[in-house]
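J.: build me a structure from this.
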Amino acid sequence: MTRNSTGYNYDIQGQQYSSYRQTDPRIEEYVHKALGSAKTVLNVGAGGGSYEPKDRYVVAVEPSATMRAQRIQHNKAPAVIGTADHLPFDDYSFDASMATLTVHHWPNLEQGLTELRRVTRDQVVIMTYDPDALDVFWNSHYFRELVEVERSRYPRIEKISEILGGRTEIIPVPIPLDCVDGFQEAFYGRPEAFLQKEVRQAQSAWGFLSEEEENRLVKRLEDELNSGMWDKKFGEHRTMSRFNGALRLVVSTPTN
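T.: Model prediction:
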């Protein structure tokens, strides 16, 4: 089934990632509000720099050379080479830290989150997906195998909160119809996007399926789009201004 049993390789599979995964300004508002008044921010698993605040001092950490190069191409500050589980910073070096749609890639979630808490004085902001809410999205009717891959990768929200400790707030993040960050739920009202190989390549879960299985799932959706069946079942999504899916912010603040 899997073409990549150890994880999504951004150096190989992420060549065009930043072209399809960009900062959506509506989602950005949630992230920046969660960062509060922090003046210094650490972004771990920073990728191409999506959601980094422009009005704060940001230090990015990113292990992939391909993603670090894309930061430079998009006029972002260079990233430190590193991983979440061994951050090269002293304790409490930053007012706040953030990790955006990345924790499901980390080999050691507990060590990575513990490191984030160690180097952060105030809030740690994690953008992730709630694995218990994945069936809300219609793709579970067409891409069941893909959804199960996602469910197995995403850490439970309760687990993230437990590791970070302190006072935790879970914030559901609604997704706008014209979302420019090309994760799966971003296309809830634009199903034809999944027929584009480039769009799927910017969604890491597809990298865990064989090419044969990927083609089979996409064909299932394509057939129902062509027949009009998708619109009969889910057509109302095309005009929904917001979609409440599985996207969450986990905001952890120390209690002492």
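
J.: how near is His141 to Met229?
T.: From His141 over to Met229 the distance is 10 Å, taken as CB to CB, to the nearest Å. Every C-beta, even on glycine, is put in place using the N, C-alpha and C of the backbone.

J.: swap in Arg121?
T.: 53 Å.

J.: just to revisit the earlier point, more neighbours: which of His141 and Met229?
T.: Taking neighbours as other CB atoms under 10 Å, His141 and Met229 compare with His141 leading, 15 against 12.

J.: immediately after the helix or strand containing the more buried one, which helix or strand?
T.: Element membership for His141 (DSSP states H and E) is helix 139-142. Later in the chain than helix 139-142, the nearest helix or strand by DSSP H and E is helix 144-153.

J.: what residues does that next one touch?
T.: Applying CB atoms under 8 Å, 6 or more residues apart in numbering, the contact partners of helix 144-153 are 1, 104, 129, 131, 134-135, 139-140, 184, 205-206, 208-209, 213, 217.

J.: got it, and stretch 75-85?
T.: Under CB under 8 Å, 6+ apart, the answer for stretch 75-85 is 44-46, 48-49, 52, 58-63, 67-68, 71-72, 88, 99, 102-103, 106-108, 111-113, 115-116.

J.: got it, and stretch 98-108?
T.: Outside stretch 98-108, the residues that touch it by CB under 8 Å, 6+ apart are 7-8, 31, 35, 41-47, 50-52, 83-85, 109, 112-113, 116, 124-129, 153-155, 160, 183, 204.

J.: in that stretch, what's buried?
T.: Residues Met98, Ala99, Thr100, Leu101, Thr102, Val103, His104, His105, Trp106 are the ones in stretch 98-108 that count as buried (16 or more other CB atoms under 10 Å).

J.: in helices only, show me the contacts of stretch 75-85.
T.: Those of these mapping onto helices are Met67, Arg68, Arg71, Ile72, Gln111, Gly112, Leu113, Glu115, Leu116, per DSSP state H.

J.: mind jotting down where the helices sit in the stretch 151-256 of the chain?
T.: Here the stretch 151-256 of the chain has its helices, by DSSP state H, counting those that start in this stretch, at 157-164, 197-201, 211-227, 229-234.

J.: would you format these as a markdown table with distance to Asn256 and mean pLDDT included?
T.: Supplementary listing: the helices of the stretch 151-256 of the chain in a markdown table, determined by distance: least, CB to CB, whole Å; pLDDT from 0 to 100:
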| stretch | distance to Asn256 | mean pLDDT |
| --- | --- | --- |
| helix 157-164 | 14 | 97 |
| helix 197-201 | 45 | 92 |
| helix 211-227 | 48 | 97 |
| helix 229-234 | 48 | 98 |
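
J.: reformat these as TSV; add distance to Tyr92.
T.: TSV is the format used below for the helices of the stretch 151-256 of the chain (distance: least, CB to CB, whole Å):
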stretch	distance to Tyr92
helix 157-164	15
helix 197-201	39
helix 211-227	44
helix 229-234	48
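
J.: for Thr23, find the nearest of those helices.
T.: helix 197-201 (17.2 Å; CB to CB).

J.: any weak-confidence spans in this structure?
T.: The model of the chain has pLDDT under 70 over residues 1-20.
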